[in-house]
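J.: after the sequence you'll find the predicted model.
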Amino acid sequence: MKAAVYYQTGAPDVFRYEEIADPIPMDHELLLRVEAISIEGGDTLNRLGGDMATTPHVVGYQCAGVVVQVGSLITKFQVGDRVVTTGTHGSHAELRVAGEAFCWAIPEGLSTLEAACVPIAFGTAHDSLFEFGRLQAGETVLVHAGASGVGIAAIQLAHNAGATVLATASSDERLARLVPFGLDHGINYVTSDFEEEVRRLTNGRGADVIIDSVGGPTLQKSLRSLAYRGRCISFGDAGRDSAPTLDVSTLRGNNQSLTGYFLGAELFFGTRAYDMVASLLVDVARGVLQVEIDQVFGLENAEEAHAYIEGRRAFGRVVLQP
């Protein structure tokens, strides 16, 4: 099969488009002919300096396509089914193996291209808001990186739940594009201090729930932007800046909380998150939720696609197609 691989981590130019051996599914796995690959934030971070399970390494968490082979223990799927899958690596290729517990049937009416973008972005947004953020109607939520895949998903989910939605982005133009998804107040973090803006927009109260994919110094400011009994959910380090220390002393007096979140762990340890993602796929198919795809690149252009994402030009998802 053809795949976008690298022999060492680094900038996007480490990618090579090569012929490598086809993966072989084990008894609990299926083999997928890949039709669409959603590039996740973790994919770019892994390529930059993450672990390499193999050499050459095929990066990538999430993709969708058609089942071409099933292991002897597979019960939910058969050859010919359309599925979307997640995993620790292997999406940037023409073929991909995945365990049954990390595969979802693509509902009728939902394109394979859109389905490829749903589980991680929408699942992370939903759990951060509701399972761990305990968001309620009438509360205020701050969504960092509103123009990202998780950000656009979170804005829609929070709006549909009856929350007041604030979000950050790098330009007024990007914020304007988020309004149709349910954004109430946009914060341009280039021209404004988001901590001050959150306080201003909430009459000094702060946000009840903050979902933070940026990390580093931004996470510290997020904690200072919480309302009384506010909840901050941290699930990424997209900012790529590390904070030497994180001061959590302000949390105690205000009965606030900081929770770290990783969707993969929820999928691994039970069926609740699996069912939640399945429901989200149905909601996207029904038009209740919308996937926003910015650009589609050929798999052979993985270097260009990753560079496009790292240039912070994407609005929504960037997809590869073999």
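T.: Everything's here; your move. What you are looking at is a predicted structure, and each value in this text was computed from that prediction instead of being measured. Numbers count the residues shown, from 1 in each chain.

J.: now find how far off-centre stretch 149-161 is within its chain.
T.: In this view, stretch 149-161 has its centroid 12 Å away from the chain centroid, taken as C-alpha atoms, centre = their mean, to the nearest Å.

J.: quick one: the helices in the stretch 1-150 of the chain?
T.: 41-49, 112-115, 119-126, 149-160 (DSSP state H, counting those that start in this stretch).

J.: is it correct that residue 173 falls within a helix?
T.: Yes - with DSSP: H, G, I helix; E, B strand; the rest coil as the criterion, residue 173 is located in a helix.

J.: ok, it to residue 21 distance?
T.: To residue 21, residue 173 is 45 Å away according to C-beta to C-beta, to the nearest Å. C-beta coordinates here come from the backbone N, C-alpha and C atoms, glycine included.

J.: give me the more crowded residue out of those two.
T.: Ranked by neighbour count (other C-beta atoms under 10 Å), residue 173 and residue 21 place residue 173 first, with 11 against 8.

J.: quick one: that one and residue 280, what's the gap?
T.: Going from residue 173 to residue 280 by C-beta to C-beta gives 28 Å.

J.: how about residue 44?
T.: According to C-beta to C-beta, residue 44 stands 23 Å off from residue 280.

J.: how about the contacts made by residue 90?
T.: By C-beta atoms under 8 Å, 6 or more residues apart in numbering, the contact list for residue 90 reads 23, 58, 60, 96, 97, 98.

J.: go with 10 Å
T.: 3, 23, 32, 34, 53-54, 57-61, 63, 96-98 (C-beta atoms under 10 Å, 6 or more residues apart in numbering).

J.: between those, which is closest to residue 156?
T.: The shortest approach to residue 156 among the contacts of residue 90 belongs to residue 61, at 21.3 Å (C-beta to C-beta).

J.: my guess is that closest one contacts residue 87. True?
T.: Yes - Residue 61 is within contact range of residue 87, at 6.5 Å (criterion: C-beta atoms under 10 Å).

J.: of these two, which one has the most company?
T.: residue 61 (25 against 18).

J.: contacts only, for the closest residue to that one other than its chain neighbours.
T.: Excluding the flanking residues, the one nearest residue 61 by C-beta to C-beta, 6 or more residues apart in numbering is residue 40, at 4.8 Å. Contacts for residue 40 (C-beta under 10 Å, 6+ apart) come out as 46, 59-62, 86, 91, 117, 119-121, 124, 149-150, 236, 309, 317-318.

J.: per-residue pLDDT, residue 40?
T.: If you check residue 40, the pLDDT there is 95.

J.: same check on residue 209?
T.: For residue 209, pLDDT reads 98.

J.: the inter-axis angle of the host helix or strand of it versus helix 119-126?
T.: Assessed by DSSP states H and E, residue 209 sits inside strand 207-212. Here strand 207-212 points in a direction 160 degrees away from that of helix 119-126 (axes from the mean of the first three to the mean of the last three C-alpha atoms, to 10 degrees).

J.: the inter-axis angle of strand 207-212 versus helix 149-160?
T.: Using the same axes, to 10 degrees: strand 207-212 against helix 149-160 is 160 degrees.

J.: nearest residue to the middle of the chain?
T.: Central residue of the chain (C-alpha atoms, centre = their mean): residue 121, 3.2 Å from the mean position.

J.: what about the stretch 1-150 of the chain, any weak spots by pLDDT?
T.: Within the stretch 1-150 of the chain, not a single segment meets pLDDT under 70.

J.: hey, where'd the strands end up in it?
T.: Under the criterion DSSP state E, counting those that start in this stretch, strands of the stretch 1-150 of the chain are mapped to 2-6, 16-19, 29-38, 57-58, 62-70, 82-86, 95-99, 103-105, 140-143.
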